[in-house]
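Peer 1: below: sequence and its predicted model.
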Amino acid sequence: MHDPLFRPLAVGALTLPNRLVMAPMTRGRAEPDGTPTELIASHYAQRAAAGLLVTEATPVSRDGVGWLGAPGVYTDRHVEGWRRVTDAVHRAGGRIFLQLWHMGRVSHPDFLDGALPVGPSAVAAKGETHTPKGKQPYVTPRALALEEIPRVVRAYGDGARRAKDAGFDGVEIHGANGYLVDQFLRDGSNHRTDGYGGSARNRTRFLVEVAEAACAAWSPDRVAMRLSPRGAYNDMRDSDPVATFSLAAERLSALRLAYLHVVEPFEGHMMWAPGERVSPSMRRAFRGPFVANGGYDAARASAAVEQGEADLVSFGLPFLANPDFVERVRRGAALNAPDFSTLYTPGAKGYVDYPTLS
């Protein structure tokens with residue numbers, strides 16, 4: 001097999017057998033209190049042939065919750081539930097990172113016992129969210145006070161420690177898609193005038209402190225970051241994404257993280273702002289393993305690795321609909337189509353019942 005996607009690679013503390021990463025995908029199958037279920041364990045174990053699995057986004061604290069059915073990692077019961085998942089994946093020969101999440105301004109009082117969600121600034125996102133009481137417009141968040149920020153940073157460190165206790169192989173910090181880390185990073189949502197706002201360097205401060213907290217709770221070779229430099233989802237924008245995200249990549253490189261995961265689809269995706277591709281400058285700035293994501297098929301992924309644009313490529317929908325995606329890539333076999341009607345519905349349908357080649 002000469003396909004570069006099947007060359008092993010050292011990534012942080014792990015050696016991965018292939019370059020195919022399962023991207024994090026929120027699926028809404030946890031218990032009401034955020035505890036992962038046996039169904040979730042089966043879902044990830046079915047896909048354990050991936051070089052690396054990254055879980056769905058997982059809130060690190062009660063005030064970071066904002067998605068129906070999302071699992072958490074802030075109670076002992078959550079840890080026990082995740083241990084079932086990691087045990088199942090490891091029995092199947094896989095490797096799995098937990099994605100650490102705080103929704104920030106795009107949560108809603110319906111999730112927070114009536115409290116306002118928090119963000120870097122009191123700037124509402126345009127759009128709506130699905131809450132326990134139905135579809136609701138986003139509200140204007142409460143800007144975090146300077147003295148509150150260390151508590152939020154610590155929550156990410158606590159999440160990393162709990163992930164370690166739950167048997168994960170590492171953690172990926174969700175710094176993409178308009179959630180709290182991304183909200184601090186971009187000047188469309190961060191209007192602060194203190195040490196966390198203004199210049200690009202100040203706006204990368206929260207991201208760096210969160211990464212440092214996770215590294216201190218575990219070790220840098222067990223910690224990664226995901227960023228989306230041109231993502232417009234959740235009403236996100238930045239006046240100079242190349243400068244902002246290249247600096248972010250450079251500062252993360254200095255921490256010697258396990259990898260940097262960059263979401264940047266090819267042109268034409270409705271959730272992404274047009275403009276210059278940012279990934280190449282981030283790739284140059286980050287001196288560790290680089291994971292690309294965004295509309296790749298196997299041929300495009302193979303070429304990206306062969307040409308040095310990325311070390312690994314992550315896939316979402318192909319892994320969702322094909323538990324044996326790695327084997328299908330190896331054989332050049334056809335793929336199942338995803339059932340979009342069951343992306344977030346409870347139960348096994350569209351979650352653990354996709355057919356394999358065998």
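Peer 2: On my side now, so go ahead.
Peer 1: C-terminal to the helix or strand hosting Thr55, what's the next element?
Peer 2: Assessed by DSSP states H and E, Thr55 sits inside strand 52-59. Next in sequence after strand 52-59, counting helices and strands by DSSP H and E, comes helix 76-91.
Peer 1: pull the CA atoms of the helix or strand that comes right after that following helix into PDB?
Peer 2: Counting by DSSP H and E, the next helix or strand C-terminal to helix 76-91 is strand 96-101. Extracted C-alpha coordinates of strand 96-101, given in PDB (Å, rounded to 0.1, in the frame of the first residue of the first chain):
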ATOM      1  CA  ILE A  96      -9.600   8.500  21.000                       C
ATOM      2  CA  PHE A  97      -9.300  12.200  22.100                       C
ATOM      3  CA  LEU A  98     -12.100  14.100  23.900                       C
ATOM      4  CA  GLN A  99     -13.100  17.500  22.400                       C
ATOM      5  CA  LEU A 100     -13.300  20.200  25.200                       C
ATOM      6  CA  TRP A 101     -16.100  22.700  24.600                       C
END
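Peer 1: mean confidence score for the strand holding Thr55?
Peer 2: Strand 52-59 comes out with an average pLDDT of 98.
Peer 1: where does pLDDT dip in the chain?
Peer 2: Along the chain, the model assigns pLDDT under 70 to residues 1, 267-272.
Peer 1: just checking, Trp101 touches His174?
Peer 2: Yes. When contacts are counted by C-beta atoms under 8 Å, Trp101 is listed as touching His174 (4.4 Å). The way it works is simple: take the backbone N, C-alpha and C, and place the C-beta from them, glycine included.
Peer 1: what touches both of these two?
Peer 2: The overlap between the contact sets of Trp101 and His174 (C-beta atoms under 8 Å, 6 or more residues apart in numbering) consists of Ala57.
Peer 1: more neighbours: these two, which one.
Peer 2: Trp101 (33 against 30; other C-beta atoms under 10 Å).
Peer 1: how near is the more buried one to Val60?
Peer 2: From Trp101 across to Val60, the span is 7 Å (C-beta to C-beta, to the nearest Å).
Peer 1: also Ile40?
Peer 2: For Ile40, the distance to Val60 - C-beta to C-beta - is 18 Å.
Peer 1: tell me which of those two has more neighbours.
Peer 2: For Ile40 versus Val60, the count of surrounding residues by other C-beta under 10 Å is larger for Val60: 30 against 24.
Peer 1: surely that one meets Gly104?
Peer 2: No. Using C-beta under 8 Å as the test, Val60 is too far from Gly104 to be in contact (11.5 Å).
Peer 1: in which helix or strand does Ala211 reside?
Peer 2: Per DSSP H and E, Ala211 falls inside helix 205-217.
Peer 1: what do you get for Val262?
Peer 2: Secondary-structure element containing Val262, defined by DSSP H and E: strand 259-263.
Peer 1: flag every buried residue along the helix or strand just after that strand.
Peer 2: Next helix or strand after strand 259-263 toward the C-terminus (DSSP H and E): helix 279-285. Within helix 279-285, the residues scored as buried using 16 or more other C-beta atoms under 10 Å are Ser279, Ser281, Met282, Arg283, Ala285.
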